[in-house]
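1. coordinates only, sequence not included:
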């Protein structure tokens, strides 16, 4: 990986050298620094090294709490933190390294997340109550957008913006000047912690290959069901289970009959629902349950099968498709208790 060539502590110029030219040009756009795109990479690096510290507040202002708090951790640690102490995937590290603020390098033969001192000092001067308020608002945009994606799978950017502006209230939006920053905040979170993907004008679940996977199955005249902010914030939790009787029954069964830890049971329900959304049929969720519950590759406890079907058939998400999930796949053959149901025949079903 390119960051292994970076020794920390490092200067801003040395760190910028590890970023691809395409990302340097994007950084120029976010930081509002003007120069010709025809410049060679060494010239771009020199330009950014000279001007980025004075313009870096434009980048800071698009941060939500997940990134602002990470910057504070690095600041409190003297400019670098061993990766082993942070919950970051390789994809997260690559994302952060392309922001122009965070970099991954080697210190004492150990990979570390670092921020050049020039930028840390600027953040120290910028951080305060007004900035904390902006970060809190950015976080609400990101979290609520995650909730929309949970329910819709894919949603146009302007529809998400208009919907959330309505929920937040126009006075609220105008007071914090959030309309322009929405269009920086949401795309800027793409690829970090797998929250969502930005595909042209759509914000999508990262499990989807394309927005069309959801949109092609949605009736053309289907509108958007309204959720309140509490619904959206709750649905952004990766351990979220729809608050339905069917969801409670499925959760209780996983915990009691398979001795799953509570978090693992919730995560399984969450992942199974997203996979079913991606493929458009209930059967797509079964392999995840089979693997976690130790039932093998293509067989599942019939009672668990029934509970999964009931849950997916009653989650609010599926009502947005204009049809019931039960219409997409045959009901599983529930035989005598204790036997296994072969659901491999459902694996490639579509509507």
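-> Thanks, I have it. The structure displayed is predicted, hence computed values, not measured ones.

2. all strands of the stretch 151-300 of the chain, in order?
-> Along the stretch 151-300 of the chain, counting by DSSP state E, counting those that start in this stretch, strands occupy 154-156, 197-199, 202-204, 299-300.

3. Flag the shaky bits of the stretch 151-300 of the chain, pLDDT-wise.
-> 170-181, 219-225, 295-299 (pLDDT under 70).

4. So for residue 47, which of the strands of the stretch 151-300 of the chain sits nearest?
-> strand 197-199 (26.9 Å; CB to CB). The C-beta positions use only the backbone N, C-alpha and C, and glycine is treated the same way.

5. next one: stretch 139-153 to chain centre, how far?
-> Relative to its chain's centre, stretch 139-153 lies at 9 Å (CA atoms, centre = their mean, to the nearest Å).

6. For residue 92, give me phi and psi.
-> phi -60, psi -40 (degrees, to the nearest 10).

7. Numbering from 4 from now on, please.
-> Let's use 4 as the start, then, which means that last one is residue 95.

8. isn't it right up against residue 196?
-> Yes - contact criterion CB atoms under 8 Å: residue 95 and residue 196 qualify, at 6.0 Å.

9. what about the two, which has more around it?
-> Shown here are residue 95 and residue 196; by other CB atoms under 10 Å, residue 95 has more neighbours (20 against 16).

10. and residue 185, what does it touch?
-> 144, 164, 167 (CB atoms under 8 Å, 6 or more residues apart in numbering).

11. Return the member of those nearest to residue 270.
-> residue 144 (24.9 Å).

12. related to what we said a few turns ago, right, and the strands of the stretch 154-303 of the chain - which one's nearest residue 38?
-> The nearest among those, by CB to CB, is strand 200-202 at 25.2 Å.

13. list the buried ones in the closest one?
-> residue 200 (16 or more other CB atoms under 10 Å).

14. same question, stretch 11-25
-> 11-13, 15-22.

15. Kindly reformat the strands of the stretch 154-303 of the chain as JSON lines and extend each row with distance to residue 254.
-> Below are the strands of the stretch 154-303 of the chain laid out as JSON lines (distance: least, CB to CB, whole Å):
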{"stretch": "strand 157-159", "distance to residue 254": "27"}
{"stretch": "strand 200-202", "distance to residue 254": "28"}
{"stretch": "strand 205-207", "distance to residue 254": "27"}
{"stretch": "strand 302-303", "distance to residue 254": "17"}
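
16. on that earlier part again, show me how to select, in ChimeraX, the buried members of the contacts of residue 185.
-> In ChimeraX syntax, the buried subset of these is picked out as below (16+ other CB under 10 Å):
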select :144,164,167
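
17. Great, nothing more from me.
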